[in-house]
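> Pasted the sequence and its predicted model underneath.
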Amino acid sequence: MRLFPALVLGVPMIAQTLSPYQERAERFLQLVNPSYQSLTAIQQEALWAASTNVKPENDAAAEWSSKAAAAFNGNPFLIKEARELLQHRAELKPITVRELQRVLFNAADAPMTNPQLTGRRIAMETRQASTQNGFTFKLDGKTISANGLDKILEESKDLSERQKAWTASKENGPVLRDGLIQLRDLRNGCAQELGYKDFFALQAAKHGLTSEEMLKLHRDFLTVLKPLYLQLHTWAKYELAKKYQQPVPKALPAHWINNRWSQDWTGMVDGVNFDAFVNKEKGWTSEKIVKTAENFFLSIGFSKLPESFWQKSDLYPVSPGETRKKNSHASCWHIDLDQDVRSLMSVEPNFQWFSTAHHELGHGYYQLAYSNPAVPPLLRDSATTAFHEAMAELVSLATRQVPYMKATGVLPADYKADPIQVLLAEALETAIPFMFWGSGTMTEWEADFYAGNMPADQMNTRWWKLVRDIQGVEPPSPRSEAFCDPATKTHINDAPGYYFNYNIAFVLKFQFHDYICKNILKQDPHAANYAGNKEVGKYLRTWLEKGATEDWRKLLKDATGEELNTRAMAEYFAPLTKWLEKQNKGRQVGW
């Protein structure tokens, strides 16, 4: 039994005696933590190779490394010991309880209490990722990248061309459908091995919530925001009908919107098209965009990114003529749960990538912040995954502030725009439609898919019912069950039960932004500039450096003085709601 020197600390000897269960837990975690960190590094390195260079040998290595990690994380002894120790949580330190809970969450992803089930899941997820990452999109019989399809949707005014591009973007759904159905059963089975009702219940439990509580949380978000969304939707359909010289529809045709899933509505506000300022002609390169993002963090007191970030990341599009294929979704990777942080992007000189680069580096700096001796490897993660996305989204929000864009040279010093138009663009492109897509369509569909036993012959039908009912969007032509449009979204395949984190993060980012602007910057939340203010960086590090060592609700209350709610978000867009109501007077609102 370990004792601390009482005479030095001035505490009675009896108060310093660790409980037998705390000692037992510490011995157990001294075994688990370094093993977990080492195996994570091996697995992440293999998955990185499979995502940045899609070929059979890399897929095989990724599958092998995932099985090795599963053999450890899902070991029946680890599960048994963690469960037994947690029965005595009153005798354990709070951080120890959190480490043991993380052991069980890790095990639920790959429980070796049923090695055949876990092996099948790993193999199927490897095949699904390879199919997704290696898919070749075609338009008019010619190969086209995802970026190429996005470019057509962003720029073309020809509805026929837009519809062809939108339809082409859904071509990978059918080839992913059967794998997704198999993965549903395998993921549910793994969650059930650890006592969860289904996979969605497991994901909700990682936030300390039940499935019902998680769904209610998101439905409550949308209830508060729906009046604004209805006004935005109405304004948008009238504007787009005028642009395309079409009758005003009830629901928005999906190919009228610049995003493949209608999750954000870009390019609709005249005079607030920042792509006009971030392009090759204005001297922007892909490299300059990423360096500008790093400089944002340096200016608020963070250190330079490790040199390994620049050596090992995959930041730019595959060169013309190169046969290598890679995942097209931007991401940031914490390879070794220490200093090896990398980003996978395909940065091009436009404003979307300007914002995305800042977002991804937000993840990277969070990862580096909690990689410190006070945070054991098991807890080198955000307080919840939503906190990770909140940090990244907070930085994205900061990059859209006009004072910051002027300071970085994106906008000229004499740039002037109507504040309402800037707010309108921000609502359309980065906030409100995304809430109804993520908290609505994505969260409801995945809950139905995993927890509701959605019939396999209704996957697409139920998807489009949600899209129409919640988002007010409909496809340009009928979408039968021969298609599988939910599977065209990366996260449905390789980050299941994850998407609701983005929407919790969107609510969080406005709470953090509101606090920073009012208490640190003393600036209008609509016209703030974080850059150059070391106090902002100091504030961020107070919660970034804690990783997952504290409950997210406590961390939020300590950081903002309030619980999770949409107050800050609703206040931020309140001036826009009033303006839209005037614009839409006499128009049919809703669909």
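Cool, got the structure.
> Next, count neighbours for the nearest residue to residue 269 once chain neighbours are set aside.
Leaving out its chain neighbours, the residue that sits closest to residue 269 by C-beta to C-beta, 6 or more residues apart in numbering is residue 425, at 4.1 Å. For glycine as for every other residue, the C-beta is placed from the backbone atoms N, C-alpha and C. For residue 425, the neighbour count with other C-beta atoms under 10 Å is 22.
> Return the residues in contact with residue 425.
268, 269, 272 (C-beta atoms under 8 Å, 6 or more residues apart in numbering).
> Please enumerate the helices of the stretch 451-591 of the chain.
According to DSSP state H, counting those that start in this stretch, the stretch 451-591 of the chain carries its helices in the segments 459-466, 490-494, 500-515, 534-544, 552-560, 567-583.
> re the thing from before, is it fair to say the residue nearest to residue 269 lies in a helix?
Yes: if the criterion is DSSP: H, G, I helix; E, B strand; the rest coil, then residue 425 is within a helix.
> Kindly provide the distance from it to residue 547.
35 Å (C-beta to C-beta, to the nearest Å).
> try residue 173
37 Å.
> How about residue 95?
10 Å.
> Just want to know which of the two has more residues nearby.
Each of residue 95 and residue 547 has its neighbours counted (other C-beta under 10 Å); residue 547 has more, 25 against 17.
> so the more buried one touches residue 377, yeah?
No: contact criterion C-beta atoms under 8 Å: residue 547 and residue 377 do not qualify, at 9.8 Å.
> Give the residues shared as contacts by residue 95 and residue 547.
What both residue 95 and residue 547 touch, as defined by C-beta under 8 Å, 6+ apart, is the set residue 379.
> Going by neighbour count, list what's buried in whichever strand or helix holds residue 289.
Per DSSP states H and E, residue 289 falls inside helix 286-299. Using 16 or more other C-beta atoms under 10 Å as the test for burial, helix 286-299 gives 286, 288, 289, 290, 292, 293, 294, 296, 297, 299.
> and these as a markdown table, adding distance to residue 535?
A markdown table is the format used below for the buried residues of helix 286-299 (distance: C-beta to C-beta, whole Å):
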| residue | distance to residue 535 |
| --- | --- |
| 286 | 32 |
| 288 | 27 |
| 289 | 26 |
| 290 | 26 |
| 292 | 22 |
| 293 | 20 |
| 294 | 20 |
| 296 | 15 |
| 297 | 14 |
| 299 | 12 |
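> What pLDDT is listed against residue 162?
On the pLDDT scale, residue 162 is placed at 98.
> list the contacts for it?
Here residue 162 is in contact with 152, 153, 156, 255, 256 (C-beta under 8 Å, 6+ apart).
> Now the phi/psi pair for the nearest residue to the first one once chain neighbours are set aside, please.
Meaning residue 152. Closest residue to residue 152 apart from its sequence neighbours, by C-beta to C-beta, 6+ apart: residue 165 at 4.0 Å. Phi and psi for residue 165, reported as degrees, to the nearest 10, are phi -70, psi -40.
> Now for residue 165: which residues touch it?
Applying C-beta under 8 Å, 6+ apart to residue 165 gives the contacts 139, 149, 152, 153, 156, 255.
> Against residue 146, how distant is it?
11 Å.
> how many neighbours does the nearest residue to residue 448 once chain neighbours are set aside have?
Closest residue to residue 448 apart from its sequence neighbours, by C-beta to C-beta, 6+ apart: residue 454 at 4.8 Å. Residue 454 has 19 neighbours, counted by other C-beta under 10 Å.
> all helices for the stretch 301-450 of the chain, in order.
307-312, 351-369, 385-399, 402-407, 419-430, 432-435, 443-450.
> got these as JSON lines, with mean pLDDT and distance to residue 229 columns?
Below are the helices of the stretch 301-450 of the chain laid out as JSON lines (pLDDT from 0 to 100; distance: least, C-beta to C-beta, whole Å):
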{"stretch": "helix 307-312", "mean pLDDT": "98", "distance to residue 229": "38"}
{"stretch": "helix 351-369", "mean pLDDT": "96", "distance to residue 229": "22"}
{"stretch": "helix 385-399", "mean pLDDT": "95", "distance to residue 229": "18"}
{"stretch": "helix 402-407", "mean pLDDT": "95", "distance to residue 229": "24"}
{"stretch": "helix 419-430", "mean pLDDT": "93", "distance to residue 229": "9"}
{"stretch": "helix 432-435", "mean pLDDT": "97", "distance to residue 229": "5"}
{"stretch": "helix 443-450", "mean pLDDT": "98", "distance to residue 229": "15"}
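> For the residue nearest to residue 176 when sequence neighbours are not counted, give me its contacts.
Closest residue to residue 176 apart from its sequence neighbours, by C-beta to C-beta, 6+ apart: residue 487 at 3.9 Å. By C-beta under 8 Å, 6+ apart, the contact list for residue 487 reads 172, 173, 176, 177, 180, 493.
> For residue 350, see how far away residue 487 is.
27 Å.
> Domain map for the protein?
15-135+175-205, 212-583 (automatic domain parsing).
> between those domains, which gets nearest to residue 589?
Residue 589 lies closest to domain 212-583 among the domains of the chain, at 4.8 Å (C-beta to C-beta).
> circling back: average pLDDT across the helix holding residue 289?
pLDDT averaged over helix 286-299 gives 98.
> mind exporting stretch 216-232 as CSV, just the C-alpha atoms?
Provided in CSV are the C-alpha atoms of stretch 216-232 (Å, rounded to 0.1, in the frame of the first residue of the first chain):
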residue,chain,number,x,y,z
LYS,A,216,-34.4,15.2,-27.7
LEU,A,217,-31.3,17.4,-27.4
HIS,A,218,-31.2,17.8,-31.2
ARG,A,219,-34.9,18.1,-31.7
ASP,A,220,-34.9,20.9,-29.1
PHE,A,221,-32.1,22.7,-31.0
LEU,A,222,-34.2,22.7,-34.1
THR,A,223,-37.4,23.8,-32.3
VAL,A,224,-35.6,27.0,-31.3
LEU,A,225,-34.0,27.6,-34.7
LYS,A,226,-36.9,26.6,-36.9
PRO,A,227,-38.5,30.1,-37.2
LEU,A,228,-35.1,31.4,-38.6
TYR,A,229,-34.7,28.4,-40.8
LEU,A,230,-38.2,28.8,-42.3
GLN,A,231,-37.4,32.4,-43.2
LEU,A,232,-34.0,31.5,-44.7
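> Could you tell me how far that stretch lies from the centre of the chain?
Taking C-alpha atoms, centre = their mean, to the nearest Å, the mean C-alpha location of stretch 216-232 is offset from the chain mean by 20 Å.
> just stretch 279-294 next, same as before
For stretch 279-294, the distance to the chain centre is 24 Å (C-alpha atoms, centre = their mean).
> and that stretch, how far apart are its ends?
Terminal residues of stretch 279-294 lie 19 Å apart, using C-alpha to C-alpha, to the nearest Å.
> do the same with stretch 71-90
Start-to-end, stretch 71-90 (C-alpha to C-alpha) is 30 Å.
> in that stretch, what counts as buried?
Result for stretch 71-90 [16+ other C-beta under 10 Å]: buried residues 72, 73, 74, 75, 78, 79, 81, 82, 85, 86.
> Quick one: mean pLDDT over stretch 130-142.
93.
> residues making contact with it?
50-51, 54, 56, 59, 143-146, 148-149, 152, 164-165, 168-169, 171-172, 175-176, 179, 325-328, 490, 493-494.
> 6 Å instead, please
54, 59, 143, 144, 168, 172, 175, 325, 327, 493 (C-beta atoms under 6 Å, 6 or more residues apart in numbering).
> got a list of contacts for stretch 202-214?
Stretch 202-214 is contacted by residues 105, 108, 191, 196, 200, 201, 384, 451, 497 when judged by C-beta under 6 Å, 6+ apart.
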